[in-house]
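Q: Show me how the following folds:
(one chain, ligands or ions: 1)
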Amino acid sequence: MTYPINSSTLSYQNLTLSNVSAPAKIDSTGNSVTPVTLDTSSNDSFVQNVIQSLGNLGLNTSDVSTNESLQVFVQDLSKALMQGDPQPLPINAAADIPVAPNTMPDPTETKFSGGTNFQYSVDLSQANLGDNFANVASNIKTALDNIGQFISSKVIFDLKVVTVSINSGTLAQANAALVTTTTPNPNNPVNPTKSTNTSFISDSIQGVDSSPNSPDSTLYINLANMDKMSFSGTPTPNKYDLTTILTHEILHGLAFAGTLTVNSPLPTAYDALISPQQPPTPQNTPVFFVGRHAEAVNDGNPVPLSPESSGAGSAYYHVAVPSDLMSESINKGEVKSISALDVAMLEDIGVTLTGVSAPPSKVQTAYSNPMANLQNLMNSLDNGTEQNNALQADFSTLVTSLGGSASSGNLQDFLAQLSSNAVNGNSLQNDSGSIFSATA
Ligand SMILES: [Zn+2]
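A: All right, here's what the predicted structure looks like:
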């Protein structure tokens with residue numbers, strides 16, 4: 001006699017990269033402005049360049065040390081030039097031209113596999129990617145091959161990719177098939193169910209695929225945000241880097257996942273290294289990853305994780321190290337790659353490493369070149385964005401405060417002057433790294 005077997009797979013969703021808004025604006029508008037003082041007496045080359053440029057337009061800059069309009073303008077301008085506020089794409093956005101999918105044998109093929117020491121199989125048959133198919137598939141392959149630099153596995157990693165369309169800040173999500181609960185003996189009221197660890201890590205350690213007919217991880221790509229993605233793999237102004245996002249998500253599906261916040265009898269290897277083990281109270285209590293390899297990379301200290309207050313799916317399974325690939329957010333224009341910290345955590349979790357060294361946690365940004373950002377700003381000044389309109393209004397107020405009029409020049413003239421001065425050796429960078437000092 002056989003009993004019917006009811007099986008259900010528990011998938012624990014990791015909502016990831018959810019804080020995808022532009023870099024936080026702390027003071028551009030509104031009443032909660034932190035008072036700042038512009039130190040015009042310093043030898044700050046950026047501020048001096050601004051003042052000199054205003055003077056070159058014929059404005060009276062003999063005493064600007066207490067000019068609040070100048071403070072506001074310099075503050076907003078410096079954000080546009082140095083701090084990564086997203087600017088509209090420049091006209092010649094060569095970096096964002098989609099990469100030719102030369103690594104994909106056939107763009108109509110909806111399944112592919114690859115890897116050597118870390119073999120993978122990808123199923124895109126239920127992904128509705130349209131014209132983006134080849135680019136997304138190529139980026140997935142790049143992400144998996146990047147991971148394969150650092151890890152080895154005896155079993156194949158099965159990844160299923162699906163698309164969703166949700167109006168939210170979420171770029172992508174990943175599920176990991178961690179625990180499968182079956183009902184082998186429904187007539188036994190004492191112990192009717194049996195839970196099995198079906199995670200990829202468990203399979204990999206044992207060398208047997210415990211669930212060969214289901215994916216190890218399902219990757220959800222949010223089509224609603226596809227137009228905000230860059231496929232180039234290089235920092236691109238005003239775009240989120242899809243390769244970064246996919247690498248982050250696949251690492252969730254692979255190892256950065258667990259059951260701490262759900263009622264499961266089987267914690268993951270990652271869970272076992274979280275301290276404290278219970279969801280703490282209050283919710284913002286610090287939580288750490290305490291694997292010894294990760295601590296060694298982190299100067300001997302436990303690695304801070306996103307606390308309970310980050311919310312279900314984000315808490316615990318992200319590192320609270322903003323520059324790291326496995327932190328919970330990414331900004332436009334940024335590219336992150338697998339770090340030594342990530343690799344050390346994988347080692348602690350039980351993943352077999354290849355021995356290839358990874359670099360420290362680092363963010364590459366499209367906004368590190370203020371001269372290029374100035375050119376972008378000049379190209380896009382009249383495009384009607386809120387930020388650019390605000391900057392124009394700031395400038396008009398500044399001109400008036402300096403005794404000028406509309407004929408004293410417009411913002412475009414000022415920026416051209418600033419650029420010209422920069423070419424002549426007046427930097428667009430500040431000396432100290434901060435051009436403001438907060439007043440107590
Ligand atoms: Zn995440």
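Q: Check what pLDDT the closest residue to residue 273 other than its chain neighbours gets.
A: Closest residue to residue 273 apart from its sequence neighbours, by Cβ to Cβ, 6 or more residues apart in numbering: residue 291 at 4.6 Å. All C-beta atoms are positioned from the backbone trio N, CA, C, and that covers glycine. Turning to residue 291, the model gives it a pLDDT of 98.
Q: Distance of residue 291 relative to residue 271?
A: Distance, residue 291 to residue 271, by Cβ to Cβ, to the nearest Å: 12 Å.
Q: out of these two, which sits in the busier spot?
A: More neighbours surround residue 291 than the other of residue 291 and residue 271, with 24 against 19 (other Cβ atoms under 10 Å).
Q: circling back: double-check the residue nearest to residue 273 against residue 344; I have them as touching.
A: Yes. Counting by Cβ atoms under 8 Å, a contact exists between residue 291 and residue 344, whose distance comes to 7.1 Å.
Q: joint contacts of these two?
A: Where contact means Cβ atoms under 8 Å, 6 or more residues apart in numbering, no residue is in contact with each of residue 291 and residue 344.
Q: can you give me the strands for the stretch 151-300 of the chain?
A: 151-152, 157-164, 172-182, 194-197, 217-222, 229-230, 240-241, 274-275, 287-289 (DSSP state E, counting those that start in this stretch).
Q: Pick the most buried one from these.
A: strand 229-230 (a mean of 26; mean count of other Cβ atoms under 10 Å).
Q: Just checking: what are the partner strands of it?
A: Here strand 229-230 has these sheet partners by DSSP bridges: strand 240-241 (parallel).
Q: quick check: domain ranges of this protein?
A: 8-20+94-364, 43-85+369-438 (automatic domain parsing).
Q: least reliable of those domains going by mean pLDDT?
A: domain 43-85+369-438 (a mean of 76).
Q: next one: that domain to chain centre, how far?
A: Relative to the mean C-alpha coordinate of its chain, domain 43-85+369-438 is positioned 29 Å out (Cα atoms, centre = their mean, to the nearest Å).
Q: got it, and stretch 218-237?
A: Stretch 218-237 sits 11 Å away from the centroid of its parent chain (Cα atoms, centre = their mean).
Q: same thing with stretch 136-151?
A: Computed by Cα atoms, centre = their mean, the chain-centroid distance of stretch 136-151 equals 17 Å.
Q: Next, the buried residues of it.
A: Using 16 or more other Cβ atoms under 10 Å as the test for burial, stretch 136-151 gives 136-148, 150-151.
Q: In a helix, residue 419, correct?
A: Yes. Counting by DSSP: H, G, I helix; E, B strand; the rest coil, residue 419 is part of a helix.
Q: all strands for the stretch 1-150 of the chain, in order.
A: Under DSSP E, counting those that start in this stretch, the stretch 1-150 of the chain gives strands at 8-16, 36-38, 111-114, 120-123.
Q: count of residues packed around residue 329?
A: For residue 329, using other Cβ under 10 Å, the count is 18.
Q: which SS state does it fall under?
A: Applying three-state DSSP: residue 329 is coil.
Q: Return the distance of the helix or strand harbouring residue 335 from the chain's centre.
A: If you go by DSSP states H and E, residue 335 is part of strand 334-336. Relative to its chain's centre, strand 334-336 lies at 7 Å (Cα atoms, centre = their mean).
Q: which neighbours does that strand have in its sheet, and in what orientation?
A: Counting by DSSP bridges, strand 334-336 is paired with strand 363-365 (antiparallel).
Q: Report the buried residues of the strand it pairs with.
A: 363, 365.
Q: Can you dump the C-alpha atoms of stretch 139-146 in CSV for me?
A: Provided in CSV are the C-alpha atoms of stretch 139-146 (Å, rounded to 0.1, in the frame of the first residue of the first chain):
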residue,chain,number,x,y,z
ASN,A,139,24.6,39.5,-17.8
ILE,A,140,23.4,36.3,-16.0
LYS,A,141,26.2,34.3,-17.6
THR,A,142,28.7,37.0,-16.6
ALA,A,143,27.4,37.0,-13.0
LEU,A,144,27.7,33.2,-12.8
ASP,A,145,31.1,33.1,-14.3
ASN,A,146,32.3,35.8,-11.9
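Q: Tell me how many other residues crowd residue 154.
A: Residue 154: 14 neighbours (other Cβ under 10 Å).
Q: And it, its phi and psi?
A: For residue 154, the backbone dihedrals (degrees, to the nearest 10) come out as phi -80, psi -20.
Q: so who does it touch?
A: Shown in contact with residue 154 (Cβ under 8 Å, 6+ apart): 204, 207.
Q: Quickly note the distance from it to residue 292.
A: Counting by Cβ to Cβ, the gap from residue 154 to residue 292 is 24 Å.
Q: Repeat that for residue 180.
A: The spacing between residue 180 and residue 292, counted by Cβ to Cβ, is 30 Å.
Q: that older thread, could you dump the strands of the stretch 151-300 of the chain to TSV with distance to residue 312?
A: Formatted as TSV, the strands of the stretch 151-300 of the chain follow (distance: least, Cβ to Cβ, whole Å):
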stretch	distance to residue 312
strand 151-152	27
strand 157-164	18
strand 172-182	12
strand 194-197	21
strand 217-222	16
strand 229-230	25
strand 240-241	23
strand 274-275	15
strand 287-289	14
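Q: Among the buried residues of stretch 136-151, which ones are in helices?
A: Of these, the ones assigned to helices by DSSP state H are 136-148.
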